[in-house]
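Undergrad: here is a sequence together with a model predicted from it:
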Amino acid sequence: MPQYKLTYFNLTALGEPIRWAFKVAGVAFEDIRIPREEWETNYKFTGRFPTQQVPLLEIDGKVYTQSGAILRHLARTFGLITGNEMVDLTVDQADSIVIDGFREFQKWVREKDPTLKADLHKRMVDTHLPLFLTQIQEIVASSGGDFIGGSKLTYADLSVANWFSIWTNLFDPDLPKKFPRLNQHNQTVLAIPEIKAWIEVRPKTNV
């Protein structure tokens, strides 16, 4: 079995679906967490991070970057895809929509000006989240099962559930009411025994 080391901030965000993939697969990994406030001064420019970004995954000492690539690799390795090309196209589509949502979320996170930050928050609630989550809810509703790929749990389910929870907590507590089928999907994923057990013991963070 390969030796895995995951380096990310002490956050959920981009790192959590990767952690969930390990947990669901029952595969051990080292969960290395960097204090976000120390990233620029103590980590980013040390040469350890090829793209000066995290997450970073080491497999038997070899370094890999880009959260999407890492998660899709683990999905193929751990069987978190359906194996049906057209269904997996839908799975990839759902995950890509989540990444679009993350990019808008990232603008809000990085904005320092209070007025502009408040405007970005409003745009997330009024425009971006309704657009993205409506698309994902339609995908889930038409899947014919509990998950995006029907009856099969895939990596996109992990991404969607993680970000639905984050966006509900940070932007709009009414998202579960506005998107009931997506909320049902979220609760199904969070109730998976390995994920539920991990959530109970993982470090507590704001994001």
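TA: It's in.
Undergrad: drop to CA atoms for contacts and neighbour counts, all remaining ones
TA: OK.
Undergrad: and the pLDDT for the residue of the chain positioned farthest from its centre?
TA: Residue farthest from the centre of the chain, counting by CA atoms, centre = their mean, is T115 at 27.7 Å. Predicted confidence (pLDDT) for T115: 98.
Undergrad: from V207, how far off is it?
TA: Distance, T115 to V207, by CA to CA, to the nearest Å: 22 Å.
Undergrad: what does I97 give?
TA: 19 Å.
Undergrad: Q3 too?
TA: In terms of CA to CA, Q3 sits 27 Å off from V207.
Undergrad: if we can go back for a sec, of I97 and V207, which one has the most company?
TA: Between I97 and V207, counting by other CA atoms under 10 Å, I97 is the more crowded of the two (17 against 13).
Undergrad: which residues touch the closest residue to P203 other than its chain neighbours?
TA: Spatially, and ignoring its direct neighbours in sequence, P203 is nearest to N10 (7.7 Å; CA to CA, 6 or more residues apart in numbering). For N10, the contact set (CA atoms under 8 Å, 6 or more residues apart in numbering) comprises R33, I34, P35, R36, P203, T205.
Undergrad: try T134
TA: With CA under 8 Å, 6+ apart, T134 has these contacts: F179.
Undergrad: for D146, same thing?
TA: Residues in contact with D146 (CA under 8 Å, 6+ apart) are V140, H185, T188.
Undergrad: SS state for the last one?
TA: The three-state assignment at T188 reads helix, by DSSP: H, G, I helix; E, B strand; the rest coil.
Undergrad: can you get me a residue count around K117?
TA: Quick note: K117 (other CA under 10 Å) scores 16 neighbours.
Undergrad: surely it is in a strand?
TA: No - read with three-state DSSP, K117 is helix and lies in no strand.
Undergrad: counting by contacts, list what whichever helix in the chain runs longest packs against.
TA: Longest helix in the chain, counting residues (DSSP state H): helix 85-110. On a contact count with 3 or more CA pairs under 8 Å, 6 or more residues apart in numbering; DSSP states H and E, helix 85-110 meets helix 114-123, helix 129-141, helix 155-170.
Undergrad: who touches the longest one?
TA: Counting contacts by CA under 8 Å, 6+ apart, the residues outside helix 155-170 that touch it are 12-13, 16-17, 20-21, 71-72, 75, 80-81, 91-92, 94-95, 98, 147-148, 174-176, 185-186, 189-190, 207.
Undergrad: report the buried members of those residues.
TA: 12-13, 16-17, 20-21, 71-72, 75, 80-81, 91-92, 94-95, 98, 147-148, 175-176, 185-186, 189-190 (16 or more other CA atoms under 10 Å).
Undergrad: related to what we said a few turns ago, okay, the angle between the longest helix of the chain and helix 114-123?
TA: 150 degrees (axes from the mean of the first three to the mean of the last three CA atoms, to 10 degrees).
Undergrad: can you list the domains in this protein?
TA: The chain resolves into domains spanning 4-78+194-201, 85-191 when parsed by automatic domain parsing.
Undergrad: what score does the most centrally placed residue in the chain have for pLDDT?
TA: Per CA atoms, centre = their mean, the C-alpha nearest to the average position across the chain is that of S159, at 3.7 Å. Note on S159: pLDDT of 98.
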